[in-house]
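A.B. asks: A structural model of the following input is requested.
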Amino acid sequence: MPDTLCVKIDETIIEQVIRTGNADISKKYLNCITDTIKRYSTKLFETLAKYEYDTELIRLYVTGGGGCIIKNFSDYDANRVTIIDDICAAAKGYETIAYQQLNKER
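C.D. replies: Now for the predicted structure:
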């Protein structure tokens with residue numbers, strides 16, 4: 001983005017656009033940011049396809065910031081992609097694994 005418009009856009013603005021799809025900035029800058037995020041999102045799915053991800057065979061679960069990108073900027077099948085919005089999901093998952101390990105050792 002800086003190369004396109006010759007400015008440095010504050011990270012908080014970019015984060016707001018990723019989270020909400022919008023920000024209180026001019027349309028020129030918003031379009032630049034959203035176009036960049038859309039290209040990144042397309043590359044995400046292209047990379048998954050290289051590793052044999054097929055939406056008809058595999059359900060995709062997404063946690064974390066990637067969920068916001070997919071939800072706001074991707075063309076995806078909502079019936080085959082589950083976006084977990086809980087920001088503590090990864091920590092909860094590791095906690096569950098730790099409890100399971102502790103129970104096995106008893």
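
A.B. asks: hey, let's count contacts and neighbours off CA atoms from now on
C.D. replies: Will do.

A.B. asks: make sure Y53 is indeed in a helix.
C.D. replies: No: counting by DSSP: H, G, I helix; E, B strand; the rest coil, Y53 is not found in a helix; it is coil.

A.B. asks: from C68, how far off is it?
C.D. replies: Noted for Y53: a distance of 20 Å to C68, by Cα to Cα, to the nearest Å.

A.B. asks: higher neighbour count, those two?
C.D. replies: C68 (21 against 15; other Cα atoms under 10 Å).

A.B. asks: K38 and L44: what is the separation?
C.D. replies: Taken as Cα to Cα, the span from K38 to L44 is 10 Å.

A.B. asks: residue boundaries of the helices in the chain?
C.D. replies: 2-5, 11-20, 27-50, 65-73, 89-105 (DSSP state H).

A.B. asks: pick the most buried one from those helices.
C.D. replies: The highest average neighbour count among the helices of the chain, using mean count of other Cα atoms under 10 Å, belongs to helix 65-73 at a mean of 19.

A.B. asks: mean confidence score for that helix?
C.D. replies: For helix 65-73, the mean per-residue pLDDT is 88.

A.B. asks: hmm, who's touching it?
C.D. replies: Here helix 65-73 makes contact (Cα atoms under 8 Å, 6 or more residues apart in numbering) with 18-21, 34, 37-38, 41, 76, 83-85.

A.B. asks: ok, now with 10 Å
C.D. replies: Applying Cα atoms under 10 Å, 6 or more residues apart in numbering, the external contacts of helix 65-73 come out as 15, 17-22, 34-42, 44-45, 61-62, 74, 76, 78, 81-85, 87.
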